[in-house]
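In: Coordinates only, no sequence provided:
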């Protein structure tokens, strides 16, 4: 995959050479030469491996699409819906969400702006309780 996430609880499945089992989620970025592989072949491979979330982004100007899939109890992927605010909430990375509009924004938002919106409390804690980190909730 282009990006993968492995939860701390699953790090024991890693060896110096590989990770034994499926990642908690994977992300694929479609390019002109990978459309079929990403949408069909890799999706089937990730599903068979038991990867619980599959995110598929098509950043090509004519595409600009994002699909999110969650592995069901039946072992098959089902499309995941965005919330009413256009955000996808990860099932495997608690508290993490992604606003779809950010992907196509020009200019792209800065990492700091994203952290302030996604996890203001964690960001304030990480910088030692600095009160200058805005809290978008007003708290």
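Out: Noted; the coordinates are in hand. Every value quoted in this text rests on a predicted model; they were computed, and no experiment measured them.

In: Only C-alpha atoms from now on, for both contacts and neighbour counts.
Out: Will do.

In: show me the contacts for residue 100.
Out: Applying Cα atoms under 8 Å, 6 or more residues apart in numbering to residue 100 gives the contacts 66, 86-88.

In: ok, and the most crowded of the residues you listed?
Out: residue 88 (18 neighbours; other Cα atoms under 10 Å).

In: so which strand or helix has that one?
Out: According to DSSP states H and E, residue 88 maps onto strand 87-89.

In: Please name every helix or strand in contact with that strand.
Out: Counting contacts by 3 or more Cα pairs under 8 Å, 6 or more residues apart in numbering; DSSP states H and E, strand 87-89 packs against strand 97-99.

In: what about the strands in this protein?
Out: 3-5, 25-29, 53-58, 65-71, 77-79, 87-89, 97-99 (DSSP state E).

In: taking the mean pLDDT, what do you get for the first one?
Out: When pLDDT is averaged along strand 3-5, the result is 87.

In: again, but for the last one
Out: Confidence for strand 97-99, expressed as mean pLDDT, is 92.

In: Give the buried residues for it.
Out: residue 97 (16 or more other Cα atoms under 10 Å).

In: got a list of contacts for it?
Out: For strand 97-99, contacts defined as Cα under 8 Å, 6+ apart pick out 85-90, 118.

In: Tell me the one of the residues you listed nearest residue 56?
Out: When the contacts of strand 97-99 are compared for distance to residue 56 (Cα to Cα), residue 88 wins out at 12.3 Å.

In: tally of neighbours for the closest residue to the closest one other than its chain neighbours?
Out: In this structure, residue 88 finds its nearest non-sequential neighbour in residue 82, 4.8 Å apart by Cα to Cα, 6 or more residues apart in numbering. Neighbour count for residue 82, taken as other Cα under 10 Å: 16.

In: This completes my enquiry, with thanks.
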